[in-house]
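# here is a sequence with its predicted model. Questions after.
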Amino acid sequence: MKHHIAAGLAIAAAALPGVASADWTRGYVVEWNEPAMYYGAKDGVIDPGTDCPGGTNPEVDWIKVMTTAGYTEEEAKWLRNPANPTRSPVHGQNQMAFRGKDRANVYVNPTSTPDPGLTAVTGTIGEGIDLDGSKKTGFTSPAGEKGIDNNFYKTVGCWKTYRGPRRLSSGALQFNDSMRNGGWTTVIVVAGKGNDPMNDKEVTVGFFVSDDKMVKDGNGSIARDYTFNVKPHARYEAVFPAKVENGVITSTKAVDGVLREPAYWRDLELLRAQIKLEMKQDGSLIGYVGGYRPWEDVYRGWVGARGPVIESLTWVQLPGVYYALRRNADFSPTGPKGEKTHISYALRVDAIPAFVMTPDATAQVASVQSYKSLAAAEPGRSMAAIPSIRVVDGIVIDPKSKYQAGPTADVFASRVAAAASN
């Protein structure tokens, strides 16, 4: 159903009994979101720039990596040989996992191998939000704002999967294509108490999920002014107290929340989260959601997406990513002296006008409140980017294969039964 009236500024019936309507509301659907990564090169993904003066991580010499780990050169070359039937062109070579001390699996035990290094951002410009209120730490925004906290960008911003111009990094393209083709939908509702939506001291912003898929126009862009029902969800929801000044929405209080993330790990769980969003003249909404996220969950997401594949295609060694995330973690929920289990992060958000309806579809959402009490029980968190594939400890388990990888595996196994009898 498409409405033929302008989106936003709608005063509708209350979404839940006993909840008063706001004086004004605006609804949006997120048509693009990606980790906020400032791109400092003129062109190219791997080329040097102000963000990454040495460019991205170079392609890994896996023969050297495996021989350093204790494999013979002959074994290393056979593991990398396309003629080896245990090396899948789709899933990679599972034996690559077992290169830690005593052939430990480096994906689940990354400290079993020395830190191989990960090229970090050394530039001073970064995107996001000042989360800790200190102008002495963090990056400077492209507009000159000091104190931008985004150590996730500092850690992986020179990884070629994440690097690239706005909306053009390979990771952002992959996951936004999934979202835009119906994988999931995020809606935003902004509600205020004043008479001027561009300047209001009492605003609430809600991020919710919807089961309704976005619609594309003839150019392949997401169409504006379509209708989406809020789906109450026990996990994916975030509600922000905020204010608006000259059309810019900023948090007045940090909150905890979980968004649906465009990544292998579906949960964007943020502590002390804040927003900075701008309501544009064309009706769109752009800006950032920032906060501190558990860095080990992020690492496990890459492991669960098939470690050998991530490593081979994206030119990193996952233990290096683990060490870098741990090194750059900058927040402890237990206080400044506690273990840094979280890392500062910012999500770049692009949203367009939409009609956001109550869960029962009887009225347009007229205020922002939590719907978690209406949510059905949800299954546990998952990293099921590839749900049809069984991945255990970062490697793909093939029940049909006689030769499985492992710390005691015979790499040759009579050259894998003479290359599976040709």
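Received it, and whenever you're ready, just let me know what you need. What you see is a predicted model, and the numbers here were worked out from it, not measured in a lab.
# in contact with Thr56: list those residues for me.
Neighbouring residues of Thr56 by C-beta atoms under 8 Å, 6 or more residues apart in numbering: 45-46, 119, 158-160, 163, 315. Placement of C-beta: from N, CA and C, glycine included.
# of those, which pair is most distant in space?
The largest distance within those, taken as C-beta to C-beta, falls between Val45 and Thr119 and amounts to 12.8 Å.
# so the two - more neighbours on which side?
Each of Val45 and Thr119 has its neighbours counted (other C-beta atoms under 10 Å); Thr119 has more, 23 against 17.
# how far away is that one from Tyr288?
24 Å (C-beta to C-beta, to the nearest Å).
# among the contacts of Thr56, which are in strands?
Counted as lying in strands by DSSP state E, out of the contacts of Thr56, is not a single one.
# drop anything exposed from these.
45, 119, 158-160, 163, 315 (16 or more other C-beta atoms under 10 Å).
# ok, so of these, who is nearest Gly100?
Trp315 (20.1 Å).
# pretty sure the closest one contacts Gly55?
No: contact between Trp315 and Gly55 fails when scored by C-beta atoms under 8 Å: they sit 10.9 Å apart.
# okay if I get the buried ones among the contacts of Thr56 as TSV plus distance to Arg327 and pLDDT?
Listed next are these as TSV, based on distance: C-beta to C-beta, whole Å; pLDDT from 0 to 100:
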residue	distance to Arg327	pLDDT
Val45	24	94
Thr119	13	97
Cys158	14	97
Trp159	15	97
Lys160	20	95
Arg163	19	97
Trp315	19	95
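# got a list of what Gly157 touches?
The contact partners of Gly157, by C-beta under 8 Å, 6+ apart, come to 37-38, 51-52, 120-121, 163.
# which one is it nearest to, not counting chain neighbours?
Computed as C-beta to C-beta, 6 or more residues apart in numbering, the closest residue to Gly157 that is not its neighbour in sequence is Val121, at 4.0 Å.
# in what helix or strand does Thr186 lie?
strand 185-192 (DSSP states H and E).
# tell me the strands beside that strand, with direction?
strand 24-35 (antiparallel), strand 200-210 (antiparallel) (DSSP bridges).
# centre of the chain to the helix or strand following the first one, how far?
Taking DSSP H and E as the definition, the helix or strand that follows strand 24-35 towards the C-terminus is helix 62-68. Taking C-alpha atoms, centre = their mean, to the nearest Å, one finds the center of helix 62-68 at 31 Å from the center of the full chain.
# tell me which other helices or strands helix 62-68 touches.
helix 73-80 (3 or more C-beta pairs under 8 Å, 6 or more residues apart in numbering; DSSP states H and E).
# report the distance from the helix it packs on to the chain centre.
35 Å.
# cool, stretch 277-297 as well?
Worked out by C-alpha atoms, centre = their mean, stretch 277-297 lies 12 Å from the chain centre.
# list the buried ones in that stretch?
By neighbour count on 16+ other C-beta under 10 Å, the buried set for stretch 277-297 is 277, 279, 283, 285, 287-295, 297.
# ditto for stretch 64-75
Using 16+ other C-beta under 10 Å as the test for burial, stretch 64-75 gives 65-67, 69, 71, 75.
# of all the residues you listed, which comes closest to Trp265?
Among those, and counting by C-beta to C-beta, the member closest to Trp265 is Val65, at 25.2 Å.
# from Ala97, how far off is that closest one?
From Val65 over to Ala97 (counting by C-beta to C-beta), the distance is 12 Å.
# picking up where we left off before, turn the contacts of Thr56 into JSON lines, including distance to Ser170.
As requested, these are exported to JSON lines (distance: C-beta to C-beta, whole Å):
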{"residue": "Val45", "distance to Ser170": "8"}
{"residue": "Ile46", "distance to Ser170": "11"}
{"residue": "Thr119", "distance to Ser170": "16"}
{"residue": "Cys158", "distance to Ser170": "14"}
{"residue": "Trp159", "distance to Ser170": "10"}
{"residue": "Lys160", "distance to Ser170": "7"}
{"residue": "Arg163", "distance to Ser170": "9"}
{"residue": "Trp315", "distance to Ser170": "11"}
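# any chance of a markdown table for the buried residues of stretch 64-75, columns pLDDT and distance to Lys216?
Below are the buried residues of stretch 64-75 laid out as a markdown table (pLDDT from 0 to 100; distance: C-beta to C-beta, whole Å):
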| residue | pLDDT | distance to Lys216 |
| --- | --- | --- |
| Val65 | 98 | 43 |
| Met66 | 97 | 45 |
| Thr67 | 98 | 50 |
| Ala69 | 97 | 47 |
| Tyr71 | 97 | 49 |
| Glu75 | 95 | 50 |
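# can you put those in a markdown table and add distance to Glu145?
Below are the buried residues of stretch 64-75 laid out as a markdown table (distance: C-beta to C-beta, whole Å):
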| residue | distance to Glu145 |
| --- | --- |
| Val65 | 41 |
| Met66 | 46 |
| Thr67 | 48 |
| Ala69 | 45 |
| Tyr71 | 49 |
| Glu75 | 53 |
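# follow-up on the earlier one: and of the contacts of Thr56, the nearest to Ala242?
Ala242 lies nearest to Arg163 out of the contacts of Thr56, by C-beta to C-beta, at 31.0 Å.
# is it true that the closest one touches Tyr39?
Yes: using C-beta under 8 Å, Arg163 is in contact with Tyr39, at 6.6 Å.
# so where do the helices sit in the stretch 301-422 of the chain?
Ranges of helices in the stretch 301-422 of the chain, per DSSP state H, counting those that start in this stretch, are 307-314, 318-328, 413-421.
# also the stretch 151-300 of the chain?
151-156, 170-178, 295-304.
# just name the most buried of these.
helix 151-156 (a mean of 26; mean count of other C-beta atoms under 10 Å).
# check the offset of it from the chain's centre.
Counting by C-alpha atoms, centre = their mean, helix 151-156 comes out at 12 Å from the chain centroid.
# go on, stretch 72-80?
On C-alpha atoms, centre = their mean, the centre of stretch 72-80 falls 35 Å from the chain's centre.
# alpha carbons of it, as CSV, please.
C-alpha atoms of stretch 72-80 as CSV (Å, rounded to 0.1, in the frame of the first residue of the first chain):
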residue,chain,number,x,y,z
THR,A,72,57.0,-28.4,5.3
GLU,A,73,57.2,-26.4,2.1
GLU,A,74,55.9,-29.4,0.2
GLU,A,75,52.9,-29.7,2.6
ALA,A,76,52.2,-26.0,2.3
LYS,A,77,52.3,-26.0,-1.5
TRP,A,78,50.0,-29.1,-1.6
LEU,A,79,47.5,-27.4,0.8
ARG,A,80,47.4,-24.4,-1.6
